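> sequence plus predicted model, see below.
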Amino acid sequence: MAQVRLSALEKDFGSFRALDGVTLTVEDRELFALLGSSGSGKTTALRCIAGLEQPSAGDIFIGSQSVLKTPPNERPCGMVFQSYALFPHLSVFDNVAYGLRAHEYAQRGPVGRARVLGSFVSRRLFPPSATMRLRVNDALQLVDLAGEAERMPSQLSGGMQQRVALARAIVTEPEVLLLDEPLSNLDRKLRVSMRSMIRKLQQQLHITAVYVTHDQEEALSLADRIAIMDHGRLVQLGTPAEIYDQPATPFVADFIGAENLLPGTVTGLAGDYLVVNAATLEIRAAGRIAGVADAMGAKVRVVVRPQAIRIASSHEGLDVENTFDGTVRFGAYLGATARYEVAVADIVFIVDVPDPRPGALLRAGDRVVLGFAANSVILVSEA
Ligand SMILES: Nc1ncnc2c1ncn2[C@@H]1O[C@H](COP(=O)(O)OP(=O)(O)O)[C@@H](O)[C@H]1O
Ligand SMILES: [Mg+2]
């Protein structure tokens with residue numbers, strides 16, 4: 001059972017506080033994303049779990065044990081770095097076997113250690129055991145690299161190199177897999193296919209994974225739960241749907257890619273709906289505002305997702321609580337969707353229309369009506 005628990009974790013670099021009281025629990029077999037912009041402390045948190053960094057305060061538990069006094073090579077962790085970090089002079093086989101040899105080295109007495117040291121240097125003089133071959137080949141098979149064992153890293157594409165790094169991290173059968181922006185150096189198409197490979201592997205091996213990324217789409221699509229970090233602090237923790245649908249703060253709403261994020265004030269009630277004034281618009285919103293007891297006069301951010309807005313030629317065509325006259329500013333055909341910028345008074349809404357027909361795209365200057373339902377409006381407290 002490999003639950004990972006951070007308790008009031010702090011890390012100072014000189015007078016700079018990189019981690020500022022992070023408390024969270026990653027459940028056994030969960031894929032947990034640490035999401036935040038560059039410099040928010042994600043790598044520092046991961047390195048603390050791996051033992052590559054010693055926290056200034058707080059504690060780290062893997063299972064029920066504190067690992068603060070456990071050296072890195074004795075922690076049940078495998079790690080994958082953004083930059084692959086393969087040994088360029090070692091074959092794929094030896095790169096993957098490295099983890100096993102290092103493990104063996106840590107466990108052996110002086111005589112055994114000399115042998116293991118030799119095996120780092122020469123595979124001819126110190127041939128790998130049958131078990132080692134089996135484990136390395138199994139790991140390579142899992143990452144679709146069976147048959148590539150004798151190639152050198154420089155002969156492999158970036159995606160293949162990262163799969164070697166992944167094999168090296170899992171070959172020791174760690175309980176916890178730590179991944180630090182593992183896909184950031186790959187092109188988009190490869191990133192998406194590698195994502196599903198990592199997910200399948202994690203589930204197949206019943207491994208607990210902490211996945212660091214600055215890419216909100218990656219976190220949303222991959223993780224069971226996400227922790228959003230900002231300036232060394234945890235700002236929200238939840239499932240992808242919770243974070244997307246109920247961002248706790250304007251920072252989270254903005255970070256998680258809210259294209260339409262308008263500052264507003266709650267000014268009244270209309271039937272079951274809150275009325276929010278945002279610039280010159282009056283918007284009806286269903287539901288409550290997280291963390292605000294008395295909504296009247298509350299300063300909020302209004303979030304309307306681009307795909308929640310519909311475009312019609314008249315108000316009658318839209319059976320929703322919010323409709324506004326607008327003018328198309330700009331349109332882009334993206335294949336599966338068309339994205340429009342539509343000006344309504346002094347506000348520009350981003351609108352995504354699914355399944356656009358290339359012959360029927362709107363043009364700049366077209367007059368349209370925008371509509372969105374009150375229950376698609378998300379209110380985020382400014383306080
Ligand atoms: N060894 C170090 N010495 C001094 N400052 C560091 C060190 N490592 C990280 N930092 C600082 O701590 C902050 C968080 O860094 P990091 O954890 O790498 O962020 P992230 O991975 O979220 O981009 C950054 O401002 C970074 O400059
Ligand atoms: Mg980092």
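Arrived safely. Ligands and ions are numbered 1, 2, ... in the order given.
> and the end-to-end length of stretch 5-21?
13 Å (CA to CA, to the nearest Å).
> is that stretch in proximity to ligand 1?
Yes - contact of stretch 5-21 with ligand 1 (CB under 6 Å from any ligand atom) involves F13, F16, A18. All C-beta atoms are positioned from the backbone trio N, CA, C, and that covers glycine.
> what pairs with the second one across the strands?
Per DSSP bridges, the residues bridged to F16 are F13.
> how many residues are close by it?
8 (other CB atoms under 10 Å).
> any idea which residue sits dead centre in the protein?
Against the mean C-alpha coordinate of the chain, by CA atoms, centre = their mean, the closest residue is A219 at 2.5 Å.
> residues touching it, list them.
A219 makes contacts with A33, L35, Y211, T213, I226, P240, as judged by CB atoms under 8 Å, 6 or more residues apart in numbering.
> do S38 as well
Contacts here follow CB under 8 Å, 6+ apart; on that basis S38 touches H214.
> which SS class is it?
Of the three states, S38 takes coil under DSSP: H, G, I helix; E, B strand; the rest coil.
> how about the strands in the stretch 51-200 of the chain?
Secondary structure of the stretch 51-200 of the chain (DSSP state E, counting those that start in this stretch): strands at 57-62, 65-66, 77-80, 176-180.
> what's the answer for the stretch 251-383 of the chain, then?
With DSSP E, counting those that start in this stretch as the criterion, the stretch 251-383 of the chain has strands spanning 261-270, 273-278, 281-285, 299-304, 310-312, 322-333, 337-344, 347-354, 367-372, 377-381.
> turn the ones you listed into JSON lines, including mean neighbour count and distance to ligand 1.
Converted to JSON lines, the strands of the stretch 251-383 of the chain look like this (neighbours: other CB atoms under 10 Å; distance: least, CB to the nearest ligand atom, whole Å):
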{"stretch": "strand 261-270", "mean neighbour count": "16", "distance to ligand 1": "23"}
{"stretch": "strand 273-278", "mean neighbour count": "20", "distance to ligand 1": "32"}
{"stretch": "strand 281-285", "mean neighbour count": "20", "distance to ligand 1": "33"}
{"stretch": "strand 299-304", "mean neighbour count": "22", "distance to ligand 1": "24"}
{"stretch": "strand 310-312", "mean neighbour count": "18", "distance to ligand 1": "38"}
{"stretch": "strand 322-333", "mean neighbour count": "16", "distance to ligand 1": "31"}
{"stretch": "strand 337-344", "mean neighbour count": "19", "distance to ligand 1": "29"}
{"stretch": "strand 347-354", "mean neighbour count": "18", "distance to ligand 1": "27"}
{"stretch": "strand 367-372", "mean neighbour count": "19", "distance to ligand 1": "34"}
{"stretch": "strand 377-381", "mean neighbour count": "23", "distance to ligand 1": "23"}
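> can you put those strands in CSV and add distance to I207 and mean pLDDT?
Formatted as CSV, those follow (distance: least, CB to CB, whole Å; pLDDT from 0 to 100):
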stretch, distance to I207, mean pLDDT
strand 261-270, 37, 90
strand 273-278, 45, 93
strand 281-285, 42, 95
strand 299-304, 35, 92
strand 310-312, 43, 95
strand 322-333, 40, 96
strand 337-344, 35, 96
strand 347-354, 36, 95
strand 367-372, 41, 97
strand 377-381, 34, 90
